[in-house]
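Colleague: coordinates only, sequence not included:
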């Protein structure tokens, strides 16, 4: 009988602690999450540095959030060094080596939610 009571007490304590943990996190509506991906200049030249700026809203973003930028040039992907600027903003710099239309892919994982964006860059 004692072991049954102990088990019930442990289960109740575990449920109480899980409820307390989940109550501390603000509710996130996935419909409010968005990210803008801007490339400057919009039409870059070969070898010219482009600045890639990401602004994320609707989910708490910190320096430790998982934000990945990937430049895809002629089917080859290159991971970019995204720097946290504060207020949900990350930036990176990249130079494309060939003319054409290339993609910049954004992957964000924050508060257990993963989302992606893609931006096309024209290089002349």
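Modeller: That came in fine, so what should we check first? Being a predicted model, the structure only gives us computed values, none of them experimental.
Colleague: all contacts plus neighbour counts: C-alpha atoms, from now on.
Modeller: Fine.
Colleague: average pLDDT across the strand or helix carrying residue 85?
Modeller: For residue 85, the host element (DSSP states H and E) is strand 83-86. The average pLDDT within strand 83-86 is 94.
Colleague: With stretch 90-99 instead?
Modeller: The model assigns stretch 90-99 a mean pLDDT of 95.
Colleague: go on, stretch 27-43?
Modeller: The model assigns stretch 27-43 a mean pLDDT of 85.
Colleague: hmm, who's touching that stretch?
Modeller: 50-59, 106, 117-119, 121-124 (Cα atoms under 8 Å, 6 or more residues apart in numbering).
Colleague: Out of the residues you listed, list just those in helices.
Modeller: Among these, no member falls in helices (DSSP state H).
Colleague: Secondary structure element for the spatially most central residue of the chain, which one?
Modeller: Note on the chain: the residue nearest the mean C-alpha position is residue 108, at 1.7 Å, using Cα atoms, centre = their mean. Residue 108 belongs to strand 100-110 when elements are defined using DSSP H and E.
Colleague: contacts for that strand?
Modeller: Contacts to strand 100-110, defined as Cα under 8 Å, 6+ apart, come from residues 37, 59-61, 65-74, 114-124.
Colleague: so where do the strands sit in the chain?
Modeller: Applying DSSP state E to the chain gives strands spanning 34-40, 43-44, 49-57, 66-73, 76-80, 83-86, 89-95, 100-110, 113-123.
Colleague: okay, those in JSON lines with distance to residue 28 next?
Modeller: Below are those laid out as JSON lines (distance: least, Cα to Cα, whole Å):
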{"stretch": "strand 34-40", "distance to residue 28": "12"}
{"stretch": "strand 43-44", "distance to residue 28": "36"}
{"stretch": "strand 49-57", "distance to residue 28": "11"}
{"stretch": "strand 66-73", "distance to residue 28": "17"}
{"stretch": "strand 76-80", "distance to residue 28": "28"}
{"stretch": "strand 83-86", "distance to residue 28": "20"}
{"stretch": "strand 89-95", "distance to residue 28": "19"}
{"stretch": "strand 100-110", "distance to residue 28": "11"}
{"stretch": "strand 113-123", "distance to residue 28": "9"}
